[in-house]
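Chemist: When you get a sec, could you give me coordinates for this:
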Amino acid sequence: MQGIFTISLDFELHWGVFDKRDRQAREACYKNTLRIVPQMLELFAKYDVHVTWATVGSLFAGNQQEWETFAPSIEPDFEQEHYSAYKWVRQHGMPAQYRWAHFAPEEVAMILEYPGQELATHTFSHYYCLEQQREKMAFDADLKAVVKAAKKFNSSMRSLVFPRNQFNPDYLKVCYDNGIKTVRSNPSGWFWSPVTDGGAGLLRRAFRTADAYIQVGGVRTSYPLNDIKVIPGEPLQLPASRFLRPWTPKSELANKMRLRRSCQEIRIAAQRKEVYHLWWHPENFGDYPEQNLKSLEVLLKEYKRCKEKYGMTSWNMGEYDTYLCGKKEDKAVKQPAMILQ
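Modeler: Residues are numbered from 1 along each chain as shown. As a prediction, this is how the structure comes out:
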């Protein structure tokens, strides 16, 4: 069995930082992000790379009025009120001049037009799954709102990425009961373990940064396919391997080191016939879009070389469920392409 290259993207625009950043200050970033979505899709098609777009469900709406028809019947009651997207909306509103910050139905529809691209969920409201909140049914209501919104595109939600990587095993059954078959779990290494907002101290952040450029301890980024366990009544857990840090004008050497490390990890995964799972936010490309697209193509070219030399293939998150959990009689038709050694 060959190595597998997977990309998952956390597509969120302002929903990902409504509690931290000023939306007007992010206008150029968000507009650039929307502009390069089709360019990213073309690159993925060019190199035949399958990608999961874990999209905040609120982006499915075209305006605030439609968003209100999708919104869940039960809101989370966070102890820290600023974590609630709904309270933020009631305070700030989403007038038409800020559409670029909150809605992206055209880009969502475009994702579904490309082969190998999976539309998935990043929850409806960028829901924080490790923060203290008092409404027990709120997460279930959030996912039901996603399912409702996805009907606009005749799409089902099979995969989920927890916002801010707040992976919470207590929510796995709720995910499964709402049709979620795969979730992204956190990379190995203590410095990537799930924490609450603000829970990543200085040392943890320093290790995360260093890990992007050099080997930190004995942490491995790729893993065998059979490490993914099938647990009845729960989604598959697909560990992330590497966060793709964006291009920065501060240091060209750092940019080269980061890309060299990721290319090396892709090669190692291909040689070992293991899974390599890369992730980032499309918004990470928004400040320097052209430079980041060039960096992305470097990685996709490395994947192409590994595909040609080692037989590496590419799956989106949903394709793991198809292969590992699909009915045996359906696998010959439905499973992603595999080369048996």
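Chemist: okay, CA-based contacts and neighbour counts for the rest of this
Modeler: Fine.
Chemist: and residue 52, how many residues sit next to it?
Modeler: Neighbours of residue 52 under the rule other Cα atoms under 10 Å: 27.
Chemist: Sheet partners, orientation included, of the strand ranked longest in the chain?
Modeler: Longest strand in the chain by number of residues, with DSSP state E as the criterion: strand 4-11. Strand 4-11 pairs in its sheet with strand 51-55 (parallel), strand 275-280 (parallel), strand 313-314 (parallel), by DSSP bridges.
Chemist: what does that strand rub up against?
Modeler: 49-56, 122, 161, 266, 269-270, 273-283, 303, 312-317 (Cα atoms under 8 Å, 6 or more residues apart in numbering).
Chemist: Repeat that for stretch 167-180.
Modeler: Residues outside stretch 167-180 that contact it (Cα under 8 Å, 6+ apart): 129-130, 139-140, 143-144, 147, 157-160, 181, 185-186, 194, 233-235.
Chemist: first vs last residue of it, how far apart are they?
Modeler: One end of stretch 167-180 to the other measures 14 Å (Cα to Cα, to the nearest Å).
Chemist: Please state the offset of it from the chain centre?
Modeler: Centroid separation for stretch 167-180 versus its chain: 16 Å, with Cα atoms, centre = their mean, to the nearest Å.
Chemist: pLDDT of that stretch, averaged?
Modeler: Across stretch 167-180, pLDDT averages out at 97.
Chemist: likewise stretch 250-267?
Modeler: 93.
Chemist: Where do the strands of the stretch 51-200 of the chain begin and end?
Modeler: 51-55, 117-121, 159-161, 182-185 (DSSP state E, counting those that start in this stretch).
Chemist: Please determine how far residue 99 is located from residue 14.
Modeler: The value you get for residue 99 to residue 14, if Cα to Cα is used, is 10 Å.
Chemist: out of these two, which sits in the busier spot?
Modeler: residue 14 (25 against 15).
Chemist: Need the three-state assignment for the more buried one.
Modeler: Classification of residue 14 using DSSP: H, G, I helix; E, B strand; the rest coil returns helix.
Chemist: Show the model's pLDDT score for the residue nearest to it when sequence neighbours are not counted.
Modeler: Excluding its sequence neighbours, the residue lying closest to residue 14 (Cα to Cα, 6 or more residues apart in numbering) is residue 101, at 5.2 Å. pLDDT, residue 101: 98.
Chemist: Residue numbering should commence at 179 henceforth.
Modeler: New numbering, starting at 179: the last item is residue 279.
Chemist: Verify the stated contact: residue 279 with residue 206.
Modeler: No: counting by Cα atoms under 8 Å, residue 279 does not reach residue 206; the two are 10.0 Å apart.
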